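K.L.:
Model the following, please.
(chains A and B)
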There are 2 protein chains.
Amino acid sequence: MQGTQPPTSQQAAYTPTDRTVPTRSADRASYDKDLVHAILDEAYVCHLGFVRDGTPVVLPTLFGRVGNRLYVHGSTGSRPLRMTGQAGPGLPVCLTVTHVDALILARSAFHHSINYRSVVVHGIAHDVTDPEEKGVALDALVDHVVPGRSRDSRPANKKELAATAVIRLDLDEVSAKLRTGGVNDEPEDLTLPHWAGVVPLRKGYETPLADADLAAGTEVPAYLKAL
Amino acid sequence: MQGTQPPTSQQAAYTPTDRTVPTRSADRASYDKDLVHAILDEAYVCHLGFVRDGTPVVLPTLFGRVGNRLYVHGSTGSRPLRMTGQAGPGLPVCLTVTHVDALILARSAFHHSINYRSVVVHGIAHDVTDPEEKGVALDALVDHVVPGRSRDSRPANKKELAATAVIRLDLDEVSAKLRTGGVNDEPEDLTLPHWAGVVPLRKGYETPLADADLAAGTEVPAYLKAL
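P.N.:
Numbers count the residues shown, from 1 in each chain, chains lettered A, B, ... in the order given. Have a look, this model is predicted:
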């Protein structure tokens, strides 16, 4: 299984670099691996940025994580995947994930904000060609949507595997950024008559809707009930 | 108010370009202005992509819309805003917004997907220097978080205005992309014993939490109750 084992590290934090130290609100930045992984794992899509003909492109896409490696997949015909396959040394990318947790309504327009958790990954995306690593990556992509799901679905067949490109991005140059807490108004604004506070966003799932053609006797699986 | 009126257009759709026609699933693309605007207006953050030292950067940020113009603001010290101010002809950017509406669990790993609505905007960001346009933009940014809120908060003072940079991106080279509906499994997979269906994501707000220092007698405003 050479090449398919994610790199391991004893360090609990990523090392800050020029690109991962924010110019503003540096106190909101974190390099803690567990925190970074938790923010990534809670997201359904990331925003993948790359440069095409000198200009930036940002596309939403599904992703998966295996240890310190992120995987993005897509059709072999899609632009970033095709560009990665063609780029010998790999494609420079920036992969970003953001959760919006609450709206912050301050008395002053200036201090309006949101509570958020984001992760920004800089690095070089590489085409995954090893069939075993590709299989691990595709399982991770399915399990990222619903943990445990890859074991309860038909694996990709040869035709599907051939139509699917996978790229890998190592978690190395990575930072998280968070805003938490309440309203930060100026002391002299506290007596203003405007309502101020936090409006948390609702998260979760509605009741799953079974496909009309579900095979008779198919129950809602435990991993779905656990969501 | 020269320069602060958004451009108007009689056309109901944006004109597709090489950058806004997807290489894959072109049937999911739309250029309808009302649809594009609705997707943008429902989002709290966008992901702003730009090129720095030849590599891509993707940062989450708040934004506002006034007609066919988008506005992004930030500290005058933040990188993309500083770069736009320094770039005479403007900064090439890609601004992307994505909503995840549902998880699609297919019987085959290959057909797992999500229902989503996204908008991708390509263009050149320009520094907003006209004070009146800057005011309109900042109101739009606050109203984007909660419609009607800008009229019920203290406007930015001179010091705050001086510390805030605003950039403008015209909606011109724009596309939406959507996946809706249910599971698209292969006909021969329909008898497989795996549960398949749609898991809608919950959207909405939890009860607003008032700031502890709220002035006595301040009620929850109607525009918050309407959320």
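K.L.:
quick one: buried residues of the lowest-mean-pLDDT helix or strand in chain A?
P.N.:
Scoring the helices and strands of chain A by mean pLDDT, DSSP states H and E places helix A:79-86 at the bottom, with a mean of 77. Residues A:Arg79, A:Pro80, A:Leu81, A:Arg82, A:Met83, A:Thr84, A:Gly85 are the ones in helix A:79-86 that count as buried (16 or more other C-beta atoms under 10 Å in any protein chain shown). Any C-beta I mention is one placed from the backbone N, CA and C, and that applies to glycine too.
K.L.:
just stretch A:22-36 next, same as before
P.N.:
Applying 16+ other C-beta under 10 Å to stretch A:22-36 flags A:Pro22, A:Arg28, A:Ala29, A:Ser30, A:Tyr31, A:Lys33, A:Leu35, A:Val36 as buried.
K.L.:
Break down chain A into its helices, ranges please.
P.N.:
Secondary structure of chain A (DSSP state H): helices located at A:33-42, A:79-86, A:131-145, A:158-163, A:222-225.
K.L.:
Show the average pLDDT along the third one.
P.N.:
Okay, so that is helix A:131-145. Helix A:131-145 carries an average pLDDT of 95.
K.L.:
So what's the gap between it and the chain middle?
P.N.:
15 Å (C-alpha atoms, centre = their mean, to the nearest Å).
K.L.:
Convert the C-alpha atoms of it to PDB, please.
P.N.:
Only the C-alpha atoms of helix A:131-145 are listed here, as PDB (Å, rounded to 0.1, in the frame of the first residue of the first chain):
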ATOM      1  CA  PRO A 131      -5.400   2.800  -7.600                       C
ATOM      2  CA  GLU A 132      -5.300   1.800  -4.000                       C
ATOM      3  CA  GLU A 133      -4.900   5.500  -2.800                       C
ATOM      4  CA  LYS A 134      -7.600   6.400  -5.200                       C
ATOM      5  CA  GLY A 135      -9.900   3.900  -3.600                       C
ATOM      6  CA  VAL A 136      -9.100   5.200  -0.100                       C
ATOM      7  CA  ALA A 137      -9.700   8.700  -1.300                       C
ATOM      8  CA  LEU A 138     -13.100   7.900  -2.900                       C
ATOM      9  CA  ASP A 139     -14.200   6.100   0.300                       C
ATOM     10  CA  ALA A 140     -13.100   9.200   2.300                       C
ATOM     11  CA  LEU A 141     -15.200  11.500   0.000                       C
ATOM     12  CA  VAL A 142     -18.300   9.400   0.500                       C
ATOM     13  CA  ASP A 143     -17.700   9.100   4.300                       C
ATOM     14  CA  HIS A 144     -17.200  12.900   4.500                       C
ATOM     15  CA  VAL A 145     -20.800  13.400   3.400                       C
END
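K.L.:
Now do that helix: everything it contacts.
P.N.:
For helix A:131-145, the external contacting residues (C-beta atoms under 8 Å, 6 or more residues apart in numbering or on different chains) are A:1, A:3-4, A:41, A:44, A:62-66, A:71, A:73, A:128, A:149-150, A:153, A:155-156, A:161, A:164, A:166, A:168, B:103, B:105, B:109, B:112, B:114.
K.L.:
Can I get the buried residues of stretch A:22-36 in JSON lines including distance to B:Thr191 and pLDDT?
P.N.:
Below are the buried residues of stretch A:22-36 laid out as JSON lines (distance: C-beta to C-beta, whole Å; pLDDT from 0 to 100):
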{"residue": "A:Pro22", "distance to B:Thr191": "53", "pLDDT": "82"}
{"residue": "A:Arg28", "distance to B:Thr191": "51", "pLDDT": "91"}
{"residue": "A:Ala29", "distance to B:Thr191": "51", "pLDDT": "93"}
{"residue": "A:Ser30", "distance to B:Thr191": "48", "pLDDT": "95"}
{"residue": "A:Tyr31", "distance to B:Thr191": "49", "pLDDT": "96"}
{"residue": "A:Lys33", "distance to B:Thr191": "43", "pLDDT": "97"}
{"residue": "A:Leu35", "distance to B:Thr191": "44", "pLDDT": "98"}
{"residue": "A:Val36", "distance to B:Thr191": "42", "pLDDT": "98"}
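K.L.:
If we check chain B, which of those are in contact?
P.N.:
By C-beta under 8 Å from any C-beta of the partner chain, no member of those lies near chain B.
K.L.:
can you pull the contacts of A:Pro147?
P.N.:
Listed by C-beta under 8 Å, 6+ apart, the contact partners of A:Pro147 are A:Tyr223.
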